[in-house]
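*Asks:* Structural data only, the sequence is not supplied:
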């Protein structure tokens, strides 16, 4: 994330201290896990024999991952900064589902400037490079209102109204032709129905299979 788009921390607090404090609270929870594990495996050495797996964002650099490890060490989760008892794994689920949503839309719209074959040069990548904060916000909104509440049961589903003007206004400049005419007519609002979301999930599952 560009420096100008990073949220400000309270005076006197830097990001590594904030992460370390957060992980320290997790370690308090871990004490219960350690106690429970000890009742089943009395001789287990938690710090040496238990593997901790922590998810990080897919776009994290090696430097960012190293910072996470440093904070985990300071929080007392691992014995050394590069202990092999901590494994960092990329959390791709949110972006996978989000990309699936985009591909689904491209398959549905017959006249769109972006084709499935040109996904590498798509609006998503342009947003990532030039408007990262808006893309991140759109992904978070998609997960909060669509991904997480979705149970796969039709009666549980409520139509989600995606307002492009509110969630990601810069996206409007990448929409052309028939799609633009239709969205302008709909005041840049897209309604996601049950079948739409189910098809998006099905597309993700087909990738993983």
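*Replies:* Okay, I see it. All of these numbers come straight from a predicted model, not from anything done at the bench.
*Asks:* what are the ranges of the strands in this protein?
*Replies:* Per DSSP state E, the chain carries strands over the ranges 52-57, 86-91, 160-163, 189-192.
*Asks:* Least reliable of those by average pLDDT, please.
*Replies:* Here the lowest mean pLDDT among the strands of the chain goes to strand 86-91, at a mean of 78.
*Asks:* if we can go back for a sec, is it possible to get CSV of the strands of the chain that adds mean neighbour count?
*Replies:* For every residue, glycine as well, the C-beta is placed using N, CA and C. What follows is the strands of the chain, written out as CSV (neighbours: other C-beta atoms under 10 Å):
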stretch, mean neighbour count
strand 52-57, 13
strand 86-91, 14
strand 160-163, 15
strand 189-192, 14
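*Asks:* In CSV: these, plus distance to residue 64.
*Replies:* Listed next are these as CSV, based on distance: least, C-beta to C-beta, whole Å:
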stretch, distance to residue 64
strand 52-57, 7
strand 86-91, 10
strand 160-163, 30
strand 189-192, 32
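*Asks:* chain center to the longest helix along the chain: distance?
*Replies:* Counting by DSSP state H, the longest helix found in the chain is helix 15-40. Centroid separation between helix 15-40 and its chain, computed with C-alpha atoms, centre = their mean, to the nearest Å, is 23 Å.
*Asks:* Show the secondary-structure elements that that helix is packed against.
*Replies:* Other helices and strands packing on helix 15-40, by 3 or more C-beta pairs under 8 Å, 6 or more residues apart in numbering; DSSP states H and E, are helix 46-49, helix 62-74.
*Asks:* Contacts for the longest one, please.
*Replies:* What that stands for is helix 62-74. Helix 62-74 has contacts (C-beta atoms under 8 Å, 6 or more residues apart in numbering) with 16, 19-20, 23, 52, 54, 56, 60, 78-83, 86, 88.
*Asks:* Quick check: mean pLDDT of it?
*Replies:* pLDDT averaged over helix 62-74 gives 91.
*Asks:* Let me know the closest of the contacts of helix 62-74 to residue 129.
*Replies:* residue 60 (16.9 Å; C-beta to C-beta).
*Asks:* Neighbours of the closest one, how many?
*Replies:* Residue 60 has 15 neighbours, counted by other C-beta atoms under 10 Å.
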